[in-house]
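Enquirer: Provided below for reference: sequence and predicted model.
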Amino acid sequence: MTHIRIVTDSTADIPLALRQELNIEMVPLKIHFGDEQFLDAVTLRSEEFYPKLTSSPHFPRTSQPSPAEFLDLYQSLLEEPNTEIISIHLSSALSGTYQSALLASTMLEESAGKVHVVDSRSASYGIGALVVAAAKAAQAGQSAAEIIELVQTIRENFYIYFLVDTLEFLQKGGRIGKASALFGSLLNIKPILSIDGEGEVAATDKVRGQKKAIARILELLAADVPNRRIPSLHIAHANNLEGAELLREVITQQFEVQHVDYITLGPVIGAHAGPGTIAAFVRAV
């Protein structure tokens, strides 16, 4: 019987306890403050990152794992007989992480075809939800083909909306994508951003004030999920629990939500989204 192992990267923002419970392997991205380098979610966690973000004179930079880092992990996992790997990663439109993993998979000459690298076309818990579902399916004994089909189905029925306090971090980090048209907005305009089908950051709308922006997100979700049933809702925030709680409250009042949880955006995602960001990750199947 084939044993399926699930691999992801640190931008999936899956809590450590859940990764351990589901036996998920994680390769960290790196975050740099000047000459200091940290491993995302390993040597720098969210509770340490946000104070450092506001106190450091350096704007944070991020970098992807090398193919060698993925190769080392893949080889280690494949030492166990009858093992296959499904490796799910940050959108290839936002980072070279997926390409590093894909390149590593081609270096496994003796294990060709045993590593399946999947582009999440997403970020943060948009990846995390796919990875967690894959890990649960692997534990249930599903095949690699069945798990990949499940991941693709969830990916096509997944909606993300996030509000950032400022576009400065996305712009400086080079991840502004299709939201660049929002520059020059008036004071207190809150951009509603999403990640489109190509995995790029895209502007959905812009509304004056947080409460009106959240109300607009409800309208968008009502169009996305007309039956108003949400199997899984994850509310994420970048050091803004109050805003996250407000977003959760209004969504759960208007929709039938089966499962809801909070996620803190990790250092790499937080470095690009910026402090104060809140986000809704909605799995509709």
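Expert: Good, I have the coordinates. Note that this is a predicted model, so its numbers are computed, not measured.
Enquirer: For S194, give me its contacts.
Expert: By Cβ atoms under 8 Å, 6 or more residues apart in numbering, the contact set of S194 is 159-162, 201-202, 204. All C-beta atoms are positioned from the backbone trio N, CA, C, and that covers glycine.
Enquirer: Could you measure from it over to Q37?
Expert: 31 Å (Cβ to Cβ, to the nearest Å).
Enquirer: List the buried residues of the strand or helix carrying I214.
Expert: Secondary structure from DSSP states H and E places I214 in helix 210-224. For helix 210-224, a neighbour-count test (16 or more other Cβ atoms under 10 Å) marks 210, 213-214, 216-218, 220-221 as buried.
Enquirer: export those to CSV and tack on pLDDT?
Expert: Shown next, in CSV, are the buried residues of helix 210-224 (pLDDT from 0 to 100):
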residue, pLDDT
Q210, 88
A213, 92
I214, 95
R216, 96
I217, 97
L218, 97
L220, 97
L221, 97
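Enquirer: With respect to L44, which of those is nearest?
Expert: Lowest distance from L44 to the buried residues of helix 210-224 (Cβ to Cβ) belongs to Q210, with 28.2 Å.
Enquirer: Correct me if wrong: the closest one contacts K190.
Expert: Yes - counting by Cβ atoms under 8 Å, K190 is a contact partner of Q210 at 5.8 Å.
Enquirer: Please enumerate the shared neighbours of the two.
Expert: L163.
Enquirer: on that earlier part again, output the contacting helices and strands for the helix holding I214.
Expert: strand 158-163, strand 189-195, strand 201-208, helix 241-254, strand 278-283 (3 or more Cβ pairs under 8 Å, 6 or more residues apart in numbering; DSSP states H and E).
Enquirer: and of these, who's closest to T62?
Expert: Nearest of those (Cβ to Cβ): strand 201-208, 14.6 Å.
Enquirer: quick one, strands of the stretch 1-150 of the chain?
Expert: 3-9, 25-27, 30-33, 36-39, 61-63, 83-89, 115-119 (DSSP state E, counting those that start in this stretch).
Enquirer: for the ones you listed, which one sits closest to E249?
Expert: strand 3-9 (29.7 Å).
Enquirer: by contact count, what packs against the closest one?
Expert: By 3+ Cβ pairs under 8 Å, 6+ apart, strand 3-9 packs against strand 25-27, helix 67-78, strand 83-89, helix 97-106, helix 125-139.
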